[in-house]
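Peer 1: I would like the atomic coordinates for the input below:
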Amino acid sequence: MRKKSREISVFSISAIDLFACAMGAFVVISLILLQNKSKKEEQSPINPNAPLEQRVQDLQVALAKAKAKANQLQKEADAAESALEAQQAESARNRQLAFLGIVTECKSFVILLDMSGSMRQYEHLARKTLSELIGQMNDQYHCQIIGYQGDQANQAFTTQWQQDGKLASMSPSNVTSALAFGDSLLGNFGGSTPTFHALKTALNYNAEAIFIMTDGEPTDVDDWKSIVHQITRLNNGSKKIYSVAIGNYRAKPELVEFLEELARKNKGKFLGVSD
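Peer 2: So this is what the prediction gives:
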């Protein structure tokens, strides 16, 4: 009896592979076409084959949805902008002025600059110190600058940047003006050092703090301890006093002691600036 052939036809296998590949390709292409059709329907809700009235209604609905979405996005943008402005305002309120190691949260100042004759040799230090203090202020700060000196009879007088009793907002233009005023003071050194008079003048301002820059002991009161006592009493804790010794202060222990005591008794700090 003749045995049946168990050989597999190569042609049969190839045909099956071909049909399987074709079917797979058909399925893949169908899925892609269906996905694209779905996207197009989402992107274009208007049926171009619909009657004109239906298309107009569909456009009106789509427009209303778009307006609602735009209004929602605008509300979210407004909320984000308000949050940013609040954060910026909070940051500005918490900003601290850092001046040569002195850090203060105060926002309003009277700056007293000693214009006595002995300060002439330290003009460059006075200019640098004043510029560093004023230069970092912005419109969150308010300031007055007062130069003080005494004549040959030790009669005290002052030169003021702003009108007497007034503080100026430190806008960019006022910062420039203040620096120019400081330069004008530095060219007019002469006379004595009426520090007590200058401090009493500064106490009349509605400011949070006073900066006093000097190179020498007061000449309008013999006992500097009396000045500290009287200024502290008049101040009554309302203003912080920051004292800055300019020049060769290490050779002037009484000046340092005076300025340190003045600052300590009035909740401020002492700083020495030298070459």
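
Peer 1: So which bits of the helix or strand containing residue 262 are buried?
Peer 2: Assigned by DSSP states H and E, residue 262 belongs to helix 253-265. Across helix 253-265, burial judged by 16 or more other C-beta atoms under 10 Å covers 255, 256, 258, 259, 260, 261, 262, 263, 265. For glycine as for every other residue, the C-beta is placed from the backbone atoms N, C-alpha and C.

Peer 1: Same question for stretch 122-138.
Peer 2: By neighbour count on 16+ other C-beta under 10 Å, the buried set for stretch 122-138 is 122, 125, 126, 129, 130, 133, 134, 137.

Peer 1: on that earlier part again, going on from the helix holding residue 262, what's the next piece of helix or strand?
Peer 2: The first helix or strand that comes after helix 253-265 along the chain, using DSSP H and E, is strand 270-273.

Peer 1: Name the residues that touch that next one?
Peer 2: Outside of strand 270-273, the residues within contact range by C-beta atoms under 8 Å, 6 or more residues apart in numbering are 99-102, 125, 128-129, 242-247, 249-250, 256, 259-260, 263-264.

Peer 1: Check stretch 132-144 too.
Peer 2: With C-beta under 8 Å, 6+ apart, stretch 132-144 has contacts from 92-93, 95, 97-100, 107-111, 145, 160-162, 166-172, 175, 178-179, 182, 205, 207, 211.

Peer 1: how far out from the middle of the chain is it?
Peer 2: 12 Å (C-alpha atoms, centre = their mean, to the nearest Å).

Peer 1: Can you give me the end-to-end span of it?
Peer 2: Terminal residues of stretch 132-144 lie 15 Å apart, using C-alpha to C-alpha, to the nearest Å.

Peer 1: Kind regards, and thank you for your time.
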